[in-house]
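Undergrad: Sequence below, structure please.
(chains A and B)
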Amino acid sequence: GENVEQHPSTLSVQEGDSAVIKCTYSDSASNYFPWYKQELGKGPQLIIDIRSNVGEKKDQRIAVTLNKTAKHFSLHITETQPEDSAVYFCAASGVNAGGTSYGKLTFGQGTILTVHP
Amino acid sequence: ETGVTQTPRHLVMGMTNKKSLKCEQHLGHNAMYWYKQSAKKPLELMFVYNFKEQTENNSVPSRFSPECPNSSHLFLHLHTLQPEDSALYLCASSQGRTYLEAFFGQGTRLTVV
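TA: Down below sits the predicted model:
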């Protein structure tokens, strides 16, 4: 099955700096890579995702890059703000024999991001 | 609100109790999931339902029993749990088939005493 490794486990930055979180996956058939943000007392919330047919996607201050050859993808947050402090999870979705995944996500271990004012 | 509502938010139960967790989605999705989130562990997929049919059981012990009466509701029935089952239980939904985006509820914090 799929295995997702996420680093670092904790990340501390100053407000305004950039933050980068990296993930690697094992199943070359995976083709969908979402990132989730989980704030205290809440469920994970999808913030950005990327599919295997593109190498980069941006949405305002966040961006995700994907290297299918190396099987790794990264989350980049620029101009960090204190409200970016949360736990971030990467995930990868494999496919079943029928070619669909029904959202069966394998998650990384999570990164606790702290942005200091 | 994400459109996925879980109740209760917190639950404390003894090892001999029987309780149920409820999840309701208001997004018109066809697939629903139960995940377990323990401290210092990745989210673990437990069950997947697609169009009310269970399509995945990720080797979950029988003391956890899911029920999906329709595409909008999902239950997790609990009985004779162990203290190590204490965790945050998250429900999620997606449109199913080729639509992969999963939307999560806020979770039920379960403590087994």
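Undergrad: Next one: the lowest-mean-pLDDT helix or strand in chain B, is it in contact with chain A?
TA: The weakest-scoring helix or strand in chain B, judged by mean pLDDT, DSSP states H and E, is strand B:53-57 (a mean of 81). Yes. Remark: strand B:53-57 sits within contact range of chain A at B:55-56, by CB under 8 Å from any CB of the partner chain. The C-beta positions use only the backbone N, C-alpha and C, and glycine is treated the same way.
Undergrad: In that strand, which of the residues would be classed as buried?
TA: By neighbour count on 16 or more other CB atoms under 10 Å in any protein chain shown, the buried set for strand B:53-57 is B:Glu56.
Undergrad: so after that strand, what's the next helix or strand?
TA: Counting by DSSP states H and E, the next helix or strand C-terminal to strand B:53-57 is strand B:64-70.
Undergrad: For that following strand, enumerate its sheet partners and note whether each is parallel or antiparallel.
TA: Strand B:64-70 sits in its sheet next to strand B:73-79 (antiparallel), going by DSSP bridges.
Undergrad: Could you count how many residues lie near B:Val60?
TA: B:Val60 is flanked by 17 other residues according to other CB atoms under 10 Å in any protein chain shown.
Undergrad: Okay, strands next: where are they in chain B?
TA: Using DSSP state E, the strands found in chain B span residues B:4-7, B:10-13, B:18-25, B:31-37, B:44-50, B:53-57, B:64-70, B:73-79, B:87-94, B:103-104, B:108-112.
Undergrad: among these, which gets the worst mean confidence?
TA: Sorting the strands of chain B by mean pLDDT places strand B:53-57 lowest, at a mean of 81.
Undergrad: what sits against the spatially closest residue to A:Ser18 that is not a sequence neighbour?
TA: What sits nearest to A:Ser18 in space, not counting adjacent residues and going by CB to CB, 6 or more residues apart in numbering or on different chains, is A:Thr78, at 5.0 Å. Going by CB atoms under 8 Å, 6 or more residues apart in numbering or on different chains, A:Thr78 touches A:18, A:61-63.
Undergrad: repeat for A:Trp35
TA: Contact criterion CB under 8 Å, 6+ apart gives A:46-49, A:62, A:64, A:75, A:88-91 as the residues in contact with A:Trp35.
Undergrad: Show me the beta-bridge partners of it.
TA: Note on A:Trp35: beta-bridge partners by DSSP bridges are A:Ile48, A:Cys90.
Undergrad: of all the residues in chain A, which ones are close to chain B?
TA: Counting by CB under 8 Å from any CB, the residues of chain A that sit close to chain B are A:4, A:32, A:34, A:36, A:41-46, A:49, A:89, A:93, A:100-110.
Undergrad: Just those residues: which are in strands?
TA: Among the residues of chain A next to chain B, the members falling in strands (DSSP E) are A:4, A:32, A:34, A:36, A:45-46, A:49, A:89, A:93, A:105-107.
Undergrad: Let me know how buried the closest residue to B:Pro66 other than its chain neighbours is, in neighbour terms.
TA: Residue nearest to B:Pro66 in three dimensions, not counting chain neighbours: B:Phe47, with 4.6 Å by CB to CB, 6+ apart. Residue crowding around B:Phe47 was assessed by other CB under 10 Å; the count is 22.
Undergrad: In chain A, where is pLDDT below threshold?
TA: A:95-103 (pLDDT under 70).
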